[in-house]
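Novice: give the three-dimensional model of this entry:
(chains A, B, C and D)
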Amino acid sequence: MFKKILIANRGEIAVRVMRACRELGIPSVAVYSEVDRASLHVRHADEAYFIGPAAATESYLNIEKILDVARRSGADAIHPGYGFLSENPRFARACGEAGVKFIGPTAEAMELLGSKTRARQAMGRAGVPFVPGSSHGLEFDEAVRVAREVGYPIMLKAAAGGGGKGMRTVRSADELRSAFDSARSEAERAFGDGEVYIEKLIENPRHIEMQVLADEHGHTLWLGERECSVQRRHQKVLEESPSPIVDAEMRRRMGEAAVKVAEIGGYTNAGTVEFLVDDKKNFYFLEVNTRLQVEHPVTEMVTGLDLVHLQIQIAAGEPLPFRQPDVQLRGHAMECRIYAEDPDNNFFPSPGTITLLLIPGGPGVRRDSGMYEGWSVPLDYDPLLAKLIGYGSDRQQTIMRLRRALHEYFVGGIKTNISLFRRILKNPNFIAGKLDTGFLDRLLQHPEDDPVRKEHPEIAAIAAGVFAALEHVPATLNGPSGGSAPAPAKNGASNWRQAGRVESLQ
Amino acid sequence: MFKKILIANRGEIAVRVMRACRELGIPSVAVYSEVDRASLHVRHADEAYFIGPAAATESYLNIEKILDVARRSGADAIHPGYGFLSENPRFARACGEAGVKFIGPTAEAMELLGSKTRARQAMGRAGVPFVPGSSHGLEFDEAVRVAREVGYPIMLKAAAGGGGKGMRTVRSADELRSAFDSARSEAERAFGDGEVYIEKLIENPRHIEMQVLADEHGHTLWLGERECSVQRRHQKVLEESPSPIVDAEMRRRMGEAAVKVAEIGGYTNAGTVEFLVDDKKNFYFLEVNTRLQVEHPVTEMVTGLDLVHLQIQIAAGEPLPFRQPDVQLRGHAMECRIYAEDPDNNFFPSPGTITLLLIPGGPGVRRDSGMYEGWSVPLDYDPLLAKLIGYGSDRQQTIMRLRRALHEYFVGGIKTNISLFRRILKNPNFIAGKLDTGFLDRLLQHPEDDPVRKEHPEIAAIAAGVFAALEHVPATLNGPSGGSAPAPAKNGASNWRQAGRVESLQ
Amino acid sequence: MIYDVNIDGQDYRVELAREKSGWNCRLNGREVALDAVLTRANVLSLLIDGTAYEVKRELTPLDLHFWVGSARYAAEVRDPRSLRSRRQSAGAAAGVKKLVAPMPGKVVRLLVAEKEQVQAGQGVLVVEAMKMQNELKSPKKGIVQKILATPGTPVNAGDVLAIVE
Amino acid sequence: MIYDVNIDGQDYRVELAREKSGWNCRLNGREVALDAVLTRANVLSLLIDGTAYEVKRELTPLDLHFWVGSARYAAEVRDPRSLRSRRQSAGAAAGVKKLVAPMPGKVVRLLVAEKEQVQAGQGVLVVEAMKMQNELKSPKKGIVQKILATPGTPVNAGDVLAIVE
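Specialist: Presented below is the predicted three-dimensional model:
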C-alpha cells in the first residue's frame, strides 16, 4: 500500500479523497493556491503545500509544481480528483516518469477513450451500440454527405470536446455551413483542436451512465447506472441511481456493454461509460469519463461500496475483492449539487463569505462538502460548494428525505441553488420519473411554479423587529461577547427564555 | 395516515422522529420544559408547546399535560421516543382513551412483556430458551432453594427492573441473605415493586438483541441482530450490526425465536428482544424492550429501512410492505453514543454551553444529534447528546470510518466521551470482535493504553501564543465584529493569508 | 421600541416592549402572542400561538433578508426614533437606473459604448467569476450615460458598473 | 510579543513578531517556520514545514485548553509585559486542598462532617446532575476544615464545596 498520497485538487472532492486516505491509514498531502490557504481541504490534510497564484494554470493545473510537492513530501501516489488534471494523459505519464503512481487509468487508456472519435471507432469494432454518425473528423463536404445519410436533425461535436463547447444542433441542411464553421473555430479555441464530427440528434434523450471498476489483473465489473438527465447547459445538477426506467435486464445489458468498452480501452481503476437513451429505451454509447465522477456517491449508497477506497486499492495493485454477483444493489440514492449561484438571477455565480451555515443530518443523509461557516468562497474556481446525497429504501422515500434535508439546509451570505432543488423535487414530472435532458430547461421556463410560497411576510416583519430590538439591549445579550469569550453565538437565549415561556402559555 | 403527530420526548430522538414526520408529510408537534425552549427539537417542530418545569415528572412524564397538548394542537397520534413514557402501559391506555393513537405496542403487550417474570413464564410455555432460574417473585426461603438448584453464581433481579437497579450478583450461599434484602428494598424504592427473582449468572456473556417489527395484521418479521456488549454500568455505549459472532444460521434461529416472543406477547410495532449469549454461542431470552431503541440506526443502516417510518405506517394500520425474504442485510454499521460526561474524571456528567462544534460528514457517516453550537446542555436530563453512526462494507472499514469521523468531531466547552471511542476503536480485542459485557470495564482499568499520545505540546504552546497575539491586534481581525455584522467567525484569515503563504514556501 | 419594517415592498410597524413577563409585541397595532428565542447568532426561534417558525437573518454588504423556513424576504428596517435607517433612497430619480455588479468578479468585455442606446435586457458588459462569463443586462431601455467599469479590472459585489437613463 | 506559556506543566516561551512577509516565531529561542490562519473562531490552522495541525481553543469558565488534533493540553498563558495573566496562584498553600464542583448540579448529600478526618479518595459529598448521583472524593488525606455546600442547593462548576487540610 502507498506510504503517502498527494491530492491534486481542492474543494469537496479533495476532502472526500482525504477522508478515504485517513480511513485507510495513509497520510494525505494537500496542495493549495494563494486563495485556498483557509480552504477545508487544507484543514483536512496531514500535510499542505503552497503551489502558486489563484489562476489554476499556475497552480492546480501546473504539472511541474504538483510533482515537485510529491517529491518534497515523499508522496508515492497522486489522486487527481475530477476536473483539473484528472483526465490529462500527459499528467498521468509525467507521474509515471517521476515514479509516482497516478490513481486512475493509464495514459494510453485515457488517450484512446478521451478522444470521442477514436472511442467511437473502437466501439464500432467491438459491436457496442453508439449514436449513428461519423467516427472521425470531417471536412465540410464530407459533413454534408454524412448529415444527409444519418438524417437531420444532427449534432456537430468536437472530438476533444467537453462542457458543451464546439457543439451545435443543426436542424436542416441550410444551417450546416455556419454551424460547422462556428463549431470548428470554437473547438479550435477551446481545445486547440478543431476536429469536428457528426452524430444523429436524439431528441430529448435521457443521459444514463454506468459505473465500471477494473483492477490491474484483468477483472472488470459494473456497479449499476446513474440517471443524469437533470442538466442545465450540459452541466449535471441532480443525479440518481437506479434510473427510474432501467430494469434488471436493461441494467445487465448496459453493464455488460460498459464492461466491454472498458476492456477494449484497456481500462483500469474507476471509470464511467455514458449512454444516451431514447424514448424506446435504446441506449447508445456516448463517451467515457476516465476519472471519478462528481456523482459517484449515489453509486456508493446503492452498492454500499467506497469507490475511493477501491481506486486506491486497485492503484496499489490489489485485485478487486469481489466479483460481479457479489455486487448487491439496494435502495435508491439521489445527489443534489449545491452550487454558489443565484437561481433567481440568471444563475449568476455568487462567491463571498458564508455567514451562516445550518447543515442537515439524520437518517439517509450524506454531505460531501468543501465549505464551512466563516469561509469565503473564492471567485476563481468552479462554483460547486457541496453535494447533498439522500438514500432511501425506494425513490419516493429518497425524494421526501431530500426535501426534508433541504428544509434543514441553510447557506447564508451567498446565493446557492438550494431553492432550485426544492422545485425539482416537487415537480410532478420529476416525481413520476419522466425525465430527459430538456427537463430542467422546461421547468425553468415556469418560475411561477415555485412551490415555496411567501406566506409569512408578517413573520419576517416581526423577526426583523426582534433582531433590531436585540441590538438595542446590552451587548452581552445579543452581540458577541468580546475577545476572549469562547461563544459569540450563545447570546440572548437564556434571558428570553423566561419571556418565551410565559408568552407561550397565553 | 395521521394528520399530526405529537412527539412526547426531547433531544436527539425527538429530532429524529420529527424528521420522519416531515419525510412522510405529517406536521409534528413538540413539547418542551422550561429549560428546553432553545433545544433543537423545538427548532425542528412545526408546532411547540410549553409543558412545565425542568423536572420530568412535571413535564415529559406528565401524562395529563401531554394529552392536553395533543388535544389543543389536534394531534391524532403520539410518538413516545425512548425513555420517559415510552414503556408506560398507563400512558398507552390513556392515549387510547383520549382517541389519540399511541405509536407503539398495545398496553396489554407492554404489561405482559415489560414484567420480566411474566415474560419468562410466557417464554417457558412457548419453548424459547431463557436463562435458568425462577419465573416468579421469590420469598427468601424459596430463593435459597432455587439458587442451590441452578447453582452459584446467580443473579438476583427485580421483576420490574431496568438500568441495573435491584440487581445483585451472588457468588455463594452465605452472600444471599444480605444481597436479597438490599435488592428487594432497592427495587421497592426504584419501581414501587419489590418482586425479585433469580437467574443463573452467565459469566461474561455477550448482549445481543434482535429487532422485530409487527404490523396490526398478524405479520411479524425480524431485521437482524445488534451486538450491544460494550457497556458501562449496564449502560450501552457502542452497538453494532451484525454481531461479529453471529452467522446466517444463528441469526435465523435468533430471529425466529424473537418473532415467537413477539407473537406470544401479541406484539405490534417495533420492538427488541434481548438475549444473553454464552461463550458457546448458546443464546437465552433476557427481556423485551417495548419501544424504539436508542441504537435502532445500526439496523436501519444494514437493512436500508427507516424504522420510524415503518412505526408510523404500522400505527396507521398499514400492513408491512415487505416479507421476511425481502429483508436484505448488507454491510456493517456501528453506533457511538456521545454523552456529556468526562471519561477522564469518573464519567462525571458535564452540562454547560457548547462553545465550538465541528461535526463529521462524508461517506458512511450518520449523525443523529440533539445539540448545536451555542446551545447550553441542561443538567436535568440524560446526558446523551448525539449518536454517531458509521456504515461500511465490512466491520474493518466501519471501524476505520468511525475513527476518521471521530477525528473530525469536536465538541468544545463541555466534556464528552468522544475520546473513549478512540480508545475502544483502537483496542485489539475490540478489533478482533472479542467482546463481552465486561469488555469496557477491563479497558477502563488500563488508562495508560490510551492511543492518543500527547506528542505536540510545543504546537499547543505556539497556538496559545498565536491566539494571544491575535487578541492584541485590532478587534476586526480576531474579535467578533459587532452588533449588525453577520459573521463573527470570519476574523483574521485574509490578513494572515499573505503571511502564511510566504512562510510556507521557506 | 417601534420599528418601521418593509418586507418585499410592504410596510409594517412592529412595536416591541420589554416587560417583566416577556415581550409585548404589536404588528400594525394588533397584539401578537410572541415567544422569541435567539438560538444562535442570526437564527431566531419564534412561537406564535403554538406554531413554530425558524427565522434566519442574512446580512450581506448589499442587502438584508429574512428567511422564514425556506422563503426569503427582502427587508428594510427603520427605527423612527433614531437616525439609523437601512432604507436606501430608492425612489429617487426613477428615470435613472444603475447597473450593479451582482457578484465580485472581473470585467472582461464591454458590449456597448457610452451614449449608446440600449433596449431593456440588452447586454451591457460581461463579468467573469467562478469560471463563468456572465452577461449583465440593461435594467431598462434608454441611453447609457456612463460606464464606470474597465475591462480587465476586478469589481466587488454592489459596485455600480454603468448608468442608464 | 512575548508569551510565557505553560502546557501540561511544562513552560515555553513563544515570541511572535509581525513582519511584512508574515509572522516571525520563536519557540524557546528557536526559530519556527510558522504559517497560521484562523479559519473560524477558536480554530487555528498551523502549517510548519509542510505538516498541518488543526488547533482548537477551548475556553470554559474553569480553564483553558488547546486541542492539537485529538490530544488535549491544559494551558496557561502569561504576557510578561502586561499584568494579564491566566496563571492562578496554584502553588500556594500546598497543604490546603479545595474540593471543587466539576460540573453544575445539585448537592444531594453530605458524607462527612466538618472537622472530620478523611482518607484520600474518600467520598465527601454527592452532587446530582443529568440523572446521575456523583460522589465527589477528597483530593487528599486530612481534616475537612470547612464544608461550603448545603444539601438541596444548586452549585456551579468551579464552586468550592469543601476544604481539606
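
Novice: make it CA atoms for all contacts and neighbour counts henceforth
Specialist: Noted.

Novice: nearest residue to residue C:26 in space, please, no chain neighbours.
Specialist: Once its chain neighbours are removed from consideration, residue C:26 has its nearest residue in residue C:15; the separation is 5.0 Å (Cα to Cα, 6 or more residues apart in numbering or on different chains).

Novice: so where is chain C shaky, pLDDT-wise?
Specialist: Per-residue confidence of chain C (counting by pLDDT under 70) places the weak regions at C:21, C:80-94.

Novice: so it: which segments form each domain?
Specialist: Taking automatic domain parsing as the criterion, chain C consists of the domains C:2-78, C:94-164.

Novice: end-to-end on the first one?
Specialist: When the termini of domain C:2-78 are compared using Cα to Cα, to the nearest Å, they are 9 Å apart.

Novice: ok, now which ones touch residue A:330?
Specialist: Listed by Cα atoms under 8 Å, 6 or more residues apart in numbering or on different chains, the contact partners of residue A:330 are A:302-303, A:393, B:304, B:328.

Novice: again with residue A:107
Specialist: By Cα under 8 Å, 6+ apart, the contact set of residue A:107 is A:88-90, A:92-93.

Novice: of these, closest to chain C?
Specialist: residue A:88 (19.0 Å; Cα to the nearest Cα).

Novice: now tabulate the domains of chain C in a markdown table and tack on mean neighbour count and distance to residue A:58.
Specialist: Formatted as a markdown table, these follow (neighbours: other Cα atoms under 10 Å in any protein chain shown; distance: least, Cα to Cα, whole Å):
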| stretch | mean neighbour count | distance to residue A:58 |
| --- | --- | --- |
| domain C:2-78 | 20 | 31 |
| domain C:94-164 | 18 | 15 |
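
Novice: in a markdown table, list these along with distance to residue A:116.
Specialist: Output for the domains of chain C, formatted as a markdown table (distance: least, Cα to Cα, whole Å):
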| stretch | distance to residue A:116 |
| --- | --- |
| domain C:2-78 | 43 |
| domain C:94-164 | 24 |
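
Novice: which SSE is residue A:284 in?
Specialist: strand A:283-289 (DSSP states H and E).

Novice: mind giving me the packing neighbours of that strand?
Specialist: Packed against strand A:283-289 by the contact rule (3 or more Cα pairs under 8 Å, 6 or more residues apart in numbering or on different chains; DSSP states H and E) you find helix A:107-114, helix A:116-126, strand A:269-277.

Novice: any idea of the mean pLDDT in it?
Specialist: The predicted model gives strand A:283-289 an average pLDDT of 94.

Novice: can you give me the strands for the stretch 101-250 of chain A?
Specialist: For the stretch 101-250 of chain A, strands defined by DSSP state E, counting those that start in this stretch occupy the ranges A:101-102, A:154-158, A:168-170, A:196-200, A:206-214, A:220-232, A:235-241.

Novice: mind listing what the first one pairs with, with the direction of each?
Specialist: Using DSSP bridges, the neighbouring strands of strand A:101-102 in the sheet come out as strand A:77-79 (parallel).

Novice: give me the average confidence score over the partner strand.
Specialist: Confidence for strand A:77-79, expressed as mean pLDDT, is 98.

Novice: now what about that strand, what contacts it?
Specialist: For strand A:77-79, contacts defined as Cα under 8 Å, 6+ apart pick out A:2, A:4-8, A:17, A:70, A:95, A:100-104.

Novice: in a markdown table: those, plus pLDDT and secondary structure.
Specialist: Putting these into a markdown table (pLDDT from 0 to 100; DSSP: H, G, I helix; E, B strand; the rest coil) gives the following:
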| residue | pLDDT | secondary structure |
| --- | --- | --- |
| A:2 | 98 | coil |
| A:4 | 98 | coil |
| A:5 | 98 | strand |
| A:6 | 98 | strand |
| A:7 | 98 | strand |
| A:8 | 98 | coil |
| A:17 | 98 | helix |
| A:70 | 98 | helix |
| A:95 | 98 | helix |
| A:100 | 98 | coil |
| A:101 | 98 | strand |
| A:102 | 98 | strand |
| A:103 | 98 | coil |
| A:104 | 98 | coil |
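
Novice: re the thing from before, relative to residue B:125, which of the domains of chain C is closest?
Specialist: Among the domains of chain C, domain C:2-78 comes nearest to residue B:125, with 50.1 Å by Cα to Cα.

Novice: helix, strand, or coil at residue A:317?
Specialist: Judged by DSSP: H, G, I helix; E, B strand; the rest coil, the three-state class of residue A:317 is coil.

Novice: now the host helix or strand of residue C:47 - C-alpha only, PDB.
Specialist: Residue C:47 is part of strand C:43-48, with elements assigned from DSSP H and E. Output in PDB follows, covering the C-alpha atoms of strand C:43-48 (Å, rounded to 0.1, in the frame of the first residue of the first chain):
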ATOM      1  CA  VAL C  43     -31.200  32.200  14.000                       C
ATOM      2  CA  LEU C  44     -34.400  33.200  15.800                       C
ATOM      3  CA  SER C  45     -37.000  30.700  17.000                       C
ATOM      4  CA  LEU C  46     -40.500  32.200  17.100                       C
ATOM      5  CA  LEU C  47     -43.500  30.600  18.600                       C
ATOM      6  CA  ILE C  48     -46.800  32.300  17.900                       C
END
